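Chemist: sharing a model prediction with you, sequence too.
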Amino acid sequence: AQSVTQLDSHVSVSEGTPVLLRCNYSSSYSPSLFWYVQHPNKGLQLLLKYTSAATLVKGINGFEAEFKKSETSFHLTKPSAHMSDAAEYFCVVSDSRETSYDKVIFGPGTSLSVIP
Amino acid sequence: DGGITQSPKYLFRKEGQNVTLSCEQNLNHDAMYWYRQDPGQGLRLIYYSQIVNDFQKGDIAEGYSVSREKKESFPLTVTSAQKNPTAFYLCASSPLGSYNEQFFGPGTRLTVL
């Protein structure tokens, strides 16, 4: 069985300071991992994905995440927060096999606030 | 521009009414999905479809129905049997063989009056 935990429901940072959004996962198989961002009343946009290639994954808008198998973590980071980064962020885990269309598991989300 | 459109953006329903949410994609994706999002929760899968004329129940299908008569369209009907339908509904699609990388529409917010 798969599951995903986002350790913080809300994170607040000052503009220009680093961002860390934490995600831990559980998966019986080799996982695929994703981070999505959702601005208010909008759909989700893919930030980055890990699919068993490089463990450090770079995404859009300066975000990156590191897959750490020993820690079962996939934390999202950004060196310097911008006001436009304020949004909801979802960590997502899925089975890397191609037969599980209904096994994409979304975390509960972390709300990021950026203080001017 | 390729993408997914959902309509309407906001929808109000009286209790006891059925309503249908539209989802259209021009990405030529085979698979389409409907999710429900409630405040403070992740997305929960309602229905998904891998090919035309075929669809499967997700985790919370009760009170919902779908059809997939065309590859580009996957409408969701919220029936009167759905006891708590007020939520944000998201449609997504993915290409064949890459089911777990999904592309999302802008969502429809349904409110029951």
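Modeler: It's in.

Chemist: in chain B, which spans are helices?
Modeler: Taking DSSP state H, chain B contains no helices at all.

Chemist: just say helix, strand or coil for the residue nearest the centre of chain A.
Modeler: With distances taken as CA atoms, centre = their mean, the residue of chain A nearest its centroid is A:Trp35 (3.2 Å). Secondary structure assignment for A:Trp35 (DSSP: H, G, I helix; E, B strand; the rest coil): strand.

Chemist: residue contacts, it?
Modeler: Listed by CB atoms under 8 Å, 6 or more residues apart in numbering or on different chains, the contact partners of A:Trp35 are A:21, A:23, A:46-49, A:59, A:63, A:65, A:74, A:76, A:89-92. All C-beta atoms are positioned from the backbone trio N, CA, C, and that covers glycine.

Chemist: can you pick the most crowded of these?
Modeler: A:Cys91 (29 neighbours; other CB atoms under 10 Å in any protein chain shown).

Chemist: quick check: which element contains that residue?
Modeler: Secondary structure from DSSP states H and E places A:Cys91 in strand A:87-95.

Chemist: for that strand, list the C-alpha coordinates in PDB.
Modeler: C-alpha atoms of strand A:87-95 as PDB (Å, rounded to 0.1, in the frame of the first residue of the first chain):
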ATOM      1  CA  ALA A  87       0.000  28.600  -2.900                       C
ATOM      2  CA  GLU A  88      -0.900  25.100  -1.900                       C
ATOM      3  CA  TYR A  89       1.600  22.400  -2.600                       C
ATOM      4  CA  PHE A  90       0.800  18.700  -3.000                       C
ATOM      5  CA  CYS A  91       3.200  15.800  -2.700                       C
ATOM      6  CA  VAL A  92       2.100  12.800  -4.800                       C
ATOM      7  CA  VAL A  93       3.200   9.200  -4.800                       C
ATOM      8  CA  SER A  94       2.400   6.500  -7.300                       C
ATOM      9  CA  ASP A  95       3.400   3.000  -8.200                       C
END
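
Chemist: what's the closest residue to A:Gly62 other than its chain neighbours in contact with, if anything?
Modeler: In this structure, A:Gly62 finds its nearest non-sequential neighbour in A:Lys78, 5.3 Å apart by CB to CB, 6 or more residues apart in numbering or on different chains. Each residue near A:Lys78 by CB under 8 Å, 6+ apart is listed here: A:18-19, A:61-64, A:85.

Chemist: separation between A:Lys78 and A:Asp95?
Modeler: To A:Asp95, A:Lys78 is 28 Å away according to CB to CB, to the nearest Å.

Chemist: widest-spaced pair of the contacts of A:Lys78?
Modeler: A:Pro18 and A:Asn61 (14.2 Å; CB to CB).

Chemist: the contacts of A:Trp35: which ones sit near chain B?
Modeler: A:46, A:49, A:90, A:92 (CB under 8 Å from any CB of the partner chain).

Chemist: so what sits opposite residue 12 in the bridge?
Modeler: Defaulting to chain A. Beta-bridge pairing of A:Ser12 under DSSP bridges involves A:Ser113.

Chemist: think we crossed wires, I meant chain B
Modeler: B:Thr111.

Chemist: isn't it right up against B:Thr108?
Modeler: No: contact criterion CB atoms under 8 Å: B:Phe12 and B:Thr108 do not qualify, at 11.2 Å.
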